[in-house]
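Peer 1: Pasting the sequence and the predicted coordinates here, then a few questions.
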Amino acid sequence: MFKLFYVIFMNLFRAPYMIPKMRYLANHPEKYSEKKRYALVCYAITLMKRTGRIYTRMYGEENLPKEGGYIMYPNHQGKYDALGIISTHKSPCSFVMDKVKSNIVLVNEIVDLVQAKRLDRHDVRQAITVLNEVAEEVKMGRKFIIFPEGGYVFNNKNHMAPFKAGCFKCALKSKVPIDML
């Protein structure tokens, strides 16, 4: 937890420039390609990683499909998980996130830049709609990260929580590979 606050504090001087720039690109997807918006997210993650002396290694890249869309189902151990996965992908990928937690400054900008899906865990109809949207976008070639645990508990001592079965329905509907990371 200390490292998170350290990274935030050490990057505060960048916020007046980066956050408005991220918001502008997110608000104008017709002007900026998905790759350009994704590159900005990766740049922001790189700055955070450098400040916090965070090193990310990717294993199993050879198991991911070279073309087309897919869904990754990694376990969720902390706040950095989605950013770590995004930072290792060369081509744009998105994720599904809890709607309540997605409205925090900087998180909101990242969600909008990568066109992530906001899922309301207390509204089953909305959740089904979001998962159907993910399935359709994956069929069209997009890549998604879905955390099947549905969130994380602070200091869970690296114990996996039970999976939410509904998250796998979009993979079944889109008929794409499922990669367990």
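Peer 2: Perfect, I can see it now.
Peer 1: which sections of the chain are below the confidence cut-off?
Peer 2: 1, 151-159, 177-181 (pLDDT under 70).
Peer 1: quick one: the helices in this protein?
Peer 2: Assigned by DSSP state H, the helices in the chain fall at 2-10, 15-27, 34-52, 81-88, 107-113, 124-139, 169-174.
Peer 1: Summarise which helices and strands the second one is packed against.
Peer 2: Pointing back at helix 15-27 there. helix 34-52, helix 107-113 (3 or more CB pairs under 8 Å, 6 or more residues apart in numbering; DSSP states H and E). C-beta: built from backbone N, CA, C; applies to glycine.
Peer 1: Please identify the most buried of those helices.
Peer 2: Ranked by mean neighbour count, the helices and strands packed on helix 15-27 are led by helix 107-113 with a mean of 21 (mean count of other CB atoms under 10 Å).
Peer 1: Now do that one: which elements does it pack against?
Peer 2: In this structure, helix 107-113 packs against helix 15-27, helix 34-52, with contacts taken as 3+ CB pairs under 8 Å, 6+ apart.
Peer 1: tally of neighbours for residue 91?
Peer 2: Look at residue 91: counted by other CB atoms under 10 Å, it has 13 neighbours.
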